[in-house]
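# Structure, please.
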Amino acid sequence: MENNSSSIGKEYTKIQKLIATIFYILIVIASIVSLGGVVWTIADIFIGTTGKFELFLNLSLGYQIAIIAGLLAGLFFLLIFFFGLFKKSTRSLIKFIFKKRDLEEKYRNRTDVKIAAGGLLICLIAIIIGIIFAIVQDIVTVSSGGSSSLVSIFGSTGPWVLFIGIALFMVVGIALFMIYFWKNGYYLLLRLIGAIEKMDKEENR
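I've put the predicted structure just below:
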């Protein structure tokens, strides 16, 4: 295990480790926000969308202390859980994002291949971004006239908090997918070009 950690430390740069750490922190934040949104939404359902703070103030001091301590205990448990997964998760993220690919020497310095592969990847990423933007725009503006929005869909704070947590997960997931797609997609396209060239050579023999 220690040899694996030391090999990872030598193989990847400090910037790459920092990027993996940032992604993990964002995942932790999204998880905590989403769980908070779930708890808040449940409270909205069983207690009501308004009046929760007034109800809390009307409770006895013992119940108030118990509720605050329970919420803090849940938060600290989550922090301990995520701290325990920190090393393993960051190692997995850095391998996922920055896994090194060995290309054949004849493709490494070919500008035409790099331009073609890079251009195709950029177009595919632009298509994904365009689809996501269109979906978000359709969600924000429900009706064609633009009179309905998310404000009319979410009537309380709980679903909003849950929506923000899920949105953070989506942003992190999309960013990881883009990076993985750029790194590995470029490699796969170059491998595809190489395979096509080899097939062409075999056919011309």
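# what kind of secondary structure is Thr49 in?
coil (DSSP: H, G, I helix; E, B strand; the rest coil).
# Now do it against Trp160, distance only.
Distance from Thr49 to Trp160, counting by C-beta to C-beta, to the nearest Å: 11 Å. (Each C-beta comes from the backbone N, C-alpha and C, glycine too.)
# ditto for Ser89
From Ser89 over to Trp160 (counting by C-beta to C-beta), the distance is 28 Å.
# Which strands or helices does the strand or helix carrying Thr21 pack on?
Per DSSP states H and E: Thr21 is located in helix 14-46. Here helix 14-46 touches helix 61-84, helix 86-98, helix 157-203, going by 3 or more C-beta pairs under 8 Å, 6 or more residues apart in numbering; DSSP states H and E.
# Reformat these as a markdown table; add mean pLDDT, distance to Val28 and mean neighbour count.
A markdown table is the format used below for the helices and strands packed on helix 14-46 (pLDDT from 0 to 100; distance: least, C-beta to C-beta, whole Å; neighbours: other C-beta atoms under 10 Å):
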| stretch | mean pLDDT | distance to Val28 | mean neighbour count |
| --- | --- | --- | --- |
| helix 61-84 | 88 | 5 | 11 |
| helix 86-98 | 83 | 9 | 16 |
| helix 157-203 | 74 | 10 | 15 |
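# now those as a markdown table including distance to Ile32?
Formatted as a markdown table, those follow (distance: least, C-beta to C-beta, whole Å):
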| stretch | distance to Ile32 |
| --- | --- |
| helix 61-84 | 6 |
| helix 86-98 | 14 |
| helix 157-203 | 8 |
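# Ser34 is nearest to which of the ones you listed?
Shortest distance between Ser34 and these, using C-beta to C-beta, is found for helix 157-203: 3.1 Å.
# Residue nearest the middle of the chain, spatially speaking?
By C-alpha atoms, centre = their mean, the mean C-alpha position of the chain lies nearest to Val172, the distance being 2.0 Å.
# Next, the contact list for the closest residue in space to it that isn't next to it in sequence, please.
Distance criterion C-beta to C-beta, 6 or more residues apart in numbering; nearest residue to Val172, sequence neighbours excluded, is Leu26 at 4.9 Å. Residues near Leu26 by C-beta atoms under 8 Å, 6 or more residues apart in numbering: Leu168, Val171, Val172.
# Same check on Lys17?
By C-beta under 8 Å, 6+ apart, the contact set of Lys17 is Thr90, Ile94.
# Identify each buried residue in stretch 19-39, please.
19-20, 23-24, 26-28, 30-37 (16 or more other C-beta atoms under 10 Å).
# List just the nearest of the residues you listed to Ala66.
Comparing the buried residues of stretch 19-39 against Ala66 with C-beta to C-beta places Gly36 closest, at 18.7 Å.
# Done for today, thanks.
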